[in-house]
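S.K.: Return a 3D structure for these sequence lines:
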Amino acid sequence: MATLKEPKTLIDSAYLTKGTIGNVGMPGAPIAHFSLVVNAASGTVSGMVEITQAIDRPSIEVRVTGNVRSTGYGEVTKIVNLSGEYVVSVPPPAIGSYLQKFTAYMDINNEWNGRGGFTYGNQRINDVPVTSEQ
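M.R.: Next up, the predicted model:
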């Protein structure tokens, strides 16, 4: 009589990754700090991104979703795409707030290091380092 094995659970195929997108060390450069849960089986990604910049304004926090695809060759073994929205409050004397879009891409190796970029508001940051905090 054959013994059935338990199916692989979501926990078995999911992992946490943290890192940065941007020129960390360059004064005034915007940096996207990511903390993502990756479901390796489905290729989906979800988590948080915090955008910081060394100017007098608060950081921006964005809940993101996206996907990760394997390339199968070369130094770039994974391509990651993220998107989300965050709330922007209008400064006085105006009243109100609106949603602003965030997107990011990463061309990385298996250690989550490589090159990438992100957009938020009218800012577009391209071809900057992606560095893992693992």
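S.K.: Pairing-wise in the sheet, spell out the partners of the closest residue to residue 22 other than its chain neighbours.
M.R.: Leaving aside its chain neighbours, residue 22 sits nearest to residue 31 (3.8 Å; criterion: CB to CB, 6 or more residues apart in numbering). Bear in mind the C-beta positions are built from the backbone N, C-alpha and C, glycine included. Counting by DSSP bridges, residue 31 is bridged to residue 52.
S.K.: now residue 31: how far from residue 97?
M.R.: 24 Å (CB to CB, to the nearest Å).
S.K.: Kindly report the same for residue 69.
M.R.: For residue 69 relative to residue 97 (CB to CB), the value is 34 Å.
S.K.: again with residue 86
M.R.: Distance from residue 86 to residue 97, by CB to CB: 10 Å.
S.K.: show me the contacts for residue 31.
M.R.: 20, 21, 22, 23, 24, 51, 52, 53 (CB atoms under 8 Å, 6 or more residues apart in numbering).
S.K.: In terms of pLDDT, where does it sit?
M.R.: As predicted, residue 31 sits at a pLDDT of 96.
S.K.: picking that back up, counting neighbours around each, name which of residue 86 and residue 97 comes out higher.
M.R.: A direct count of neighbours by other CB atoms under 10 Å for residue 86 and residue 97 places residue 86 higher, at 17 against 10.
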